[in-house]
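# Quick one, what's the 3D model for this:
(one chain, ligands or ions: 2)
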Amino acid sequence: MCRVIAVANQKGGVGKTTTCVNLGIGLAREGKKVLLIEADAQGSMAVSLGIQEPDELDVTLVNIMEKLINDKEPEPGEGIIHHEEGVDFIPANIELAGLETSLVNVMSREMVLRQYICGIKKQYDYILIDCPAGIERGFYNAIAGADRALIVTTPEVSAIRDADRVIGLLTAGNMPKIDLVINRIRIDMVRRGDMMSIEDVVGLLAVDLLGIVPDDENIVVSTNQGEPLVGTDCPAGEAYRNI
Ligand code: ADP
Ligand code: MG
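Ligands and ions are numbered 1, 2, ... in the order given. Alright, predicted model coming up:
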């Protein structure tokens, strides 16, 4: 059965996209069929995946949704990029502005995305949805088709507060399962009492901890080069494989 997981936090820059990409590729290497959906119009998932060719990004999630809204079926596989690492990928990479008008008096975008995911679900073991920051409409669109959520937070007060807010919204919306990844942990700082500990964060958020990812400069290199580091011989690479 396919698991549809929304990777979320209200706060930007906490590692949602990094987590999506690394978990997606890690799962693909385990032989799972994985689809990454970028539901963040300002997102940078293509860069993280090392996709530089703009023409590869011609058809996006927005185009697919526009078709569906206008009662046209997308071609099978339309807009889905097959990445060399074995994951499929639907980019957003476009302003959602045009869609706003085309939606007047029509089905809501949430419904459309939920239906679309329902339709393609059987082809995959995992669908990971990279949510935008914020809790505006884009967030609700992104989580609409998900049956699980993965909250990514850093151990900072502002990120945890935003994570808590999102957990509250997801709980109120009856999200069946919510898990947590704590990113950018620095054990030296935790020891000195300068950073919240894992126990503190889990205690505050009260959802199941899936794993922790250390602060690791290899991630910056990996993001810049578009080469995900899951499973490579570095602290974050090992952490993502474990997760
Ligand atoms: P979000 O999608 O939540 O906005 P990103 O995944 O784009 O966040 O990450 C934001 C920035 O933080 C990126 O430049 C990324 O390279 C960096 N980053 C993420 N996780 C780590 C980590 N564990 N160690 C070091 N840098 C990280
Ligand atoms: Mg992002």
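# shouldn't Y126 be in contact with A6?
No. Assessed by CB atoms under 8 Å, Y126 is found out of contact with A6, at 11.9 Å. In this view, the C-beta of every residue, glycine as well, is placed from N, C-alpha and C.
# Give the buried residues for whichever strand or helix holds V166.
Using DSSP states H and E, V166 falls within helix 157-172. Neighbour-count burial for helix 157-172 flags 159-160, 162-164, 166-167, 169-170 (criterion: 16 or more other CB atoms under 10 Å).
# The helix or strand following it and ligand 1 in contact?
Using DSSP H and E, the next helix or strand after helix 157-172 towards the C-terminus is strand 178-185. Yes. Counting by CB under 6 Å from any ligand atom, ligand 1 is contacted by strand 178-185 at 183-184.
# who does strand 178-185 pair up with?
Strand 178-185 has the following sheet partners, assigned by DSSP bridges: strand 148-153 (parallel), strand 208-214 (parallel).
# Show me which residues of the first one are buried.
Of the residues in strand 148-153, those buried by neighbour count under the rule 16+ other CB under 10 Å are 148-153.
# which of these lies closest to D40?
Nearest to D40, judged by CB to CB, of these is V152 at 12.9 Å.
# ok, residues contacting the helix holding V166?
Contact with helix 157-172 is made by 8-11, 14, 135, 139, 143, 149, 151-153, 178, 180, 196, 201, 204-205, 207, as judged by CB atoms under 8 Å, 6 or more residues apart in numbering.
# Buried ones from the residues you listed, can you make that a ChimeraX selection?
A single ChimeraX command selects the buried members of the contacts of helix 157-172 (16+ other CB under 10 Å):
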select :8,9,10,11,14,135,139,143,149,151,152,153,178,180,196,201,205,207
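# for this protein, where's the lowest mean pLDDT among helices and strands?
helix 97-102 (a mean of 45; mean pLDDT, DSSP states H and E).
# What strand or helix carries the residue nearest to C234 when sequence neighbours are not counted?
Once flanking residues are discounted, C234 sits nearest to N218: 4.3 Å by CB to CB, 6 or more residues apart in numbering. Assessed by DSSP H and E, N218 sits inside helix 217-225.
# and if you look at I37?
Per DSSP H and E: strand 34-38 holds I37.
# got the buried residues for that strand?
Within strand 34-38, the residues scored as buried using 16+ other CB under 10 Å are 34-38.
# any idea how far it is from the chain center?
With CA atoms, centre = their mean, to the nearest Å as the basis, strand 34-38 stands 8 Å off its chain's centre.
# and if you look at stretch 20-37?
In terms of CA atoms, centre = their mean, the centre of stretch 20-37 is set 11 Å apart from its chain centre.
# Could you check the helix holding N218 against ligand 1 for contacts?
Yes. Applying CB under 6 Å from any ligand atom, one finds helix 217-225 touching ligand 1 at 219-220, 223.
# Most neighbours out of the residues you listed, which is it?
Highest neighbour count within the residues of helix 217-225 next to ligand 1, by other CB atoms under 10 Å: I219, with 24 neighbours.
# how far away is that one from ligand 2?
Distance, I219 to ligand 2, using CB to the ion, to the nearest Å: 13 Å.
# That residue contacts T17, correct?
No. With contacts counted by CB under 8 Å, I219 stays clear of T17, the gap being 11.0 Å.
# for the chain, what are the low-confidence residue spans?
The chain contains residues with pLDDT under 70 at 54-56, 93-108.
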